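Student: take this sequence and fold it.
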Amino acid sequence: MKTFCFVLFSVLAGAASGTIEKRIVGSQTCGKNRQYHVEIETVQGGKTCGGALLNTRWVITASHCAEQAVTVKIGLNVDKSFLKSLLSSFKSFFKGKPKGSEQVIKVDKQFSFKGEEGEAHDIVLLRLNEDASPKLPQIKLPSSECTRPQLNQQVEIGGWGAKKADLKKTKKPTSLKCASVEMIACDEKDKPDSKYHGDESNVMCAFKPGVEACFGDGGSAVEYNNILHGIVVNNPVDTCDGRIVMLDICHYKDWIVKTMQDN
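Tutor: All right, here's what the predicted structure looks like:
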């Protein structure tokens, strides 16, 4: 899955009016927002995705981003001033990188959700080999009274994806991009990949003109009121997707908590 491309004319229009914000349609960097974002790459190459740091030990992403050994890169979007203070407060760093900031997670530490009949869902928890620093920003899970965002409400998405899978022909953005999109009703085509289960009970959708999910955006977090409410499951390759397809975290909240407690 993959990041979010934004239309140039929207950026220019915002610049002209002096109303550019961090999270609007257009190629806006996240700045100090979304510092919990992690980058996930398959060790054998071919896949790149986003994910989110839930706590010092766990990362959440889409199943299609993993299911083989992956490299998890933590703290790539951390504010430089914060990173500098973090580096100065720890002595166990090597070549300027915090200890544990890049880890290879094998399949035995990947926990994918299975339905009652054993059907696979496009969501996975990755258990880190080594705890990340507790000072690194993390995203919060919803409360026990979790309800999905309603239609027409704004949610926040972000990613590092490129417009095409062939990174030789298209460059990945140099900074994490953020945008707001509006919750909409899903149609019959708005589903995860066919190998994963998806219906109205676990799938949500969002849209805003000019905002798209591209190669590398899959697995990225969807925020509502600064809380994790979705995981992007779009998996575009040569073109970007205009409709954002997400799994509803409320549907998986109990499983997420139990998996982390038991492992």
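
Student: report the central residue of this protein.
Tutor: Centroid-nearest residue in the chain, with Cα atoms, centre = their mean: Ser220, separated by 1.1 Å.

Student: next one: phi and psi at the residue nearest to Val43 when sequence neighbours are not counted?
Tutor: Nearest non-adjacent residue to Val43, counting by Cβ to Cβ, 6 or more residues apart in numbering: Ala69, 4.2 Å away. Glycine gets a C-beta too; all of them are placed from N, C-alpha and C. Main-chain torsions, Ala69, degrees, to the nearest 10: phi -60, psi 130.

Student: quick one: pLDDT of Ala69?
Tutor: As predicted, Ala69 sits at a pLDDT of 97.

Student: got it, and Gly31?
Tutor: Gly31 is assigned a pLDDT of 84 by the prediction.

Student: same deal with the one 5 residues further on?
Tutor: Per-residue confidence for Tyr36 comes out at a pLDDT of 96.

Student: still on that earlier bit, if I look at the residue nearest to the centre of the chain, how far off is Glu41?
Tutor: Ser220 sits 14 Å away from Glu41, going by Cβ to Cβ, to the nearest Å.

Student: likewise His197?
Tutor: For His197, the distance to Glu41 - Cβ to Cβ - is 26 Å.

Student: what sits against the residue nearest to Val43?
Tutor: Thr42, Val43, Gln44, Val104, Ile105, Lys106, Val107 (Cβ atoms under 8 Å, 6 or more residues apart in numbering).

Student: now render the residues you listed as JSON lines, adding neighbour count, pLDDT and secondary structure.
Tutor: What follows is the contacts of Ala69, written out as JSON lines (neighbours: other Cβ atoms under 10 Å; pLDDT from 0 to 100; DSSP: H, G, I helix; E, B strand; the rest coil):
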{"residue": "Thr42", "neighbour count": "16", "pLDDT": "93", "secondary structure": "strand"}
{"residue": "Val43", "neighbour count": "13", "pLDDT": "93", "secondary structure": "coil"}
{"residue": "Gln44", "neighbour count": "9", "pLDDT": "85", "secondary structure": "coil"}
{"residue": "Val104", "neighbour count": "12", "pLDDT": "97", "secondary structure": "strand"}
{"residue": "Ile105", "neighbour count": "20", "pLDDT": "97", "secondary structure": "strand"}
{"residue": "Lys106", "neighbour count": "12", "pLDDT": "97", "secondary structure": "coil"}
{"residue": "Val107", "neighbour count": "11", "pLDDT": "97", "secondary structure": "helix"}
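
Student: tabulate those (CSV), appending distance to His64.
Tutor: Formatted as CSV, the contacts of Ala69 follow (distance: Cβ to Cβ, whole Å):
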residue, distance to His64
Thr42, 11
Val43, 16
Gln44, 15
Val104, 19
Ile105, 15
Lys106, 17
Val107, 14
